[in-house]
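Engineer: Sequence below, structure please.
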Amino acid sequence: MYESKGTTGEPRRPIRVGLVGHQFMGVAHSNGFRNAAIWYDLPCEVVMKAVCAKDTEKNLAAFARKFGWESFERDWRVLVAREDIDLVSIAAPGTLHKDISLEAARHGKAILCEKPLANSLADAEEMLAAVGRAGVPNCCGYSYRSTPAQALAKQFVDDGRLGRIHHVHARYAQDWPSDPAFPRVWRFDKSVAGSGSLGDICAHSIDAARFITGLEFTEVVGQLATMITERPLDPARPDGEKAPVTVDDVAQFLGRMSNGATASFEATRLAVGRKNRNCIEINGERGSLFWDFEDQNYLQFYDKTRPVAEQGFTRINATHDSHPYGGGPWPQGHGIGYADTFVIEIANFLRAVATGEPHRPDFTDGVACQRVLDAVERSAGERRWITVNPAP
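Structural biologist: Next comes the predicted model:
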């Protein structure tokens with residue numbers, strides 16, 4: 001029914017997708033699945049079979065119509081068990097990641113799961129073991145890897161342009177809940193979210209460091225702080241009943257990398273004026289790199305091997321066909337935005353599912369990041385350096 005032909009004229013395998021979650025990440029995933037095969041010539045046909053969320057039938061039907069889902073479910077167990085679904089995309093709160101992934105793996109589904117992979121290291125390791133036993137394709141949604149400029153940074157490091165890495169510095173700063181009157185949504189509840197800025201945004205910085213440098217974290221020492229300790233339950237009554245915030249607003253840590261390089265990281269939701277300042281700088285013996293998502297189409301590169309009179313940071317517009325991911329789907333200089341990174345991420349994963357080729361980032365990367373998150377949290381609690389246990 002869904003077989004169609006690509007530009008080569010060859011039949012394309014249908015990949016039937018089920019999505020769990022219809023809020024912020026659910027919208028991003030919906031857009032990605034809807035546009036992946038439009039922007040990229042994939043060896044598969046993308047069929048958006050069903051979306052699932054905890055909502056009214058009226059709201060789910062409206063969401064399905066708007067984003068192109070053929071049907072909807074209200075119980076994720078029903079969606080995962082459906083025989084007409086090949087791939088489960090998990091865009092739900094972290095507390096659901098493990099249960100949905102385990103059930104999806106049991107049913108032989110390919111899995112795309114948002115980051116962080118789970119709310120605890122133990123859960124993440126259980127998820128990795130499950131997909132390994134089932135032999136199903138898997139992806140952990142570190143979407144910033146899909147920016148051409150960040151991937152170009154990795155390419156420069158892989159090509160030896162920086163030489164030995166000395167330092168990694170990253171800061172992820174936002175301000176969306178900086179007003180104490182902002183309500184206590186699920187992201188401020190540890191039992192649902194797992195952590196605050198540490199898992200929500202610092203996880204991206206940790207993954208970027210691993211992705212670009214190819215290095216692993218060996219040791220960390222960190223601190224976590226909750227600056228706004230309670231928030232109103234009712235957004236319409238900011239002076240009404242309040243509930244405690246049980247996650248961190250700010251996470252900061254120092255680290256050491258597997259080659260001896262030093263690292264410093266900060267993630268905060270209270271940096272007033274910073275909307276999505278996701279940046280990383282890497283210093284090596286032969287050069288340096290700097291990338292900031294708020295200027296995501298550009299990579300800054302300092303080449304120490306150039307003549308002294310020519311040295312200085314070069315601002316590279318990473319939108320050319322020769323850049324990773326073809327610089328995005330648009331002509332050179334037109335740039336890409338936040339939603340486009342999900343299209344690239346999903347297109348790459350769909351290609352891997354269709355061809356059987358390996359895909360990164362996968363659940364192995366998700367667990368590697370979770371080990372660092374776990375070590376930082378334990379370090380903050382015990383107020384000491386903690387060894388990041390390597391993969392077994």
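Engineer: strands paired with the host helix or strand of Cys139, and their directions?
Structural biologist: Element membership for Cys139 (DSSP states H and E) is strand 138-141. Strand pairing for strand 138-141, using DSSP bridges, gives strand 110-114 (parallel).
Engineer: what sits against the closest residue to Ile280 other than its chain neighbours?
Structural biologist: Closest residue to Ile280 apart from its sequence neighbours, by C-beta to C-beta, 6 or more residues apart in numbering: Ala170 at 4.3 Å. Glycine gets a C-beta too; all of them are placed from N, C-alpha and C. Going by C-beta atoms under 8 Å, 6 or more residues apart in numbering, Ala170 touches 205-206, 208-209, 263-266, 279-281.
Engineer: how about 6 Å then?
Structural biologist: Residues counted as contacts of Ala170 (C-beta atoms under 6 Å, 6 or more residues apart in numbering) are 205, 265, 280.
Engineer: Next: Gln296.
Structural biologist: Thr147.
Engineer: and it, what pLDDT?
Structural biologist: pLDDT, Gln296: 97.
Engineer: Same check on His29?
Structural biologist: 98.
Engineer: Quick check: it touching Ala92?
Structural biologist: No: counting by C-beta atoms under 6 Å, His29 does not reach Ala92; the two are 10.5 Å apart.
Engineer: out of the two, which sits in the more crowded spot?
Structural biologist: His29 (27 against 23; other C-beta atoms under 10 Å).
Engineer: could you give the angle of the helix or strand containing that one to strand 110-114?
Structural biologist: Using DSSP H and E, His29 maps to helix 24-39. Helix 24-39 and strand 110-114 are oriented at 130 degrees to each other (axes from the mean of the first three to the mean of the last three C-alpha atoms, to 10 degrees).
Engineer: Regarding the chain, what is its longest helix?
Structural biologist: The residue-count maximum for a helix in the chain (DSSP state H) belongs to helix 363-382.
Engineer: List the residues that contact the spatially most central residue of the chain.
Structural biologist: Nearest to the geometric centre of the chain sits Tyr142, at 2.4 Å (C-alpha atoms, centre = their mean). Taking C-beta under 6 Å, 6+ apart, we find Tyr142 in contact with 115, 207, 361.
Engineer: now Arg231
Structural biologist: Applying C-beta under 6 Å, 6+ apart, we find Arg231 in contact with 183-184, 245.
Engineer: What are the boundaries of the strands in the stretch 151-300 of the chain?
Structural biologist: For the stretch 151-300 of the chain, applying DSSP state E, counting those that start in this stretch gives strands covering 165-173, 217-225, 230-232, 242-244, 250-257, 262-268, 277-284, 287-292, 298-303.
Engineer: So what's the residue count around Ala61?
Structural biologist: For Ala61, the count of nearby residues is 15 (other C-beta under 10 Å).
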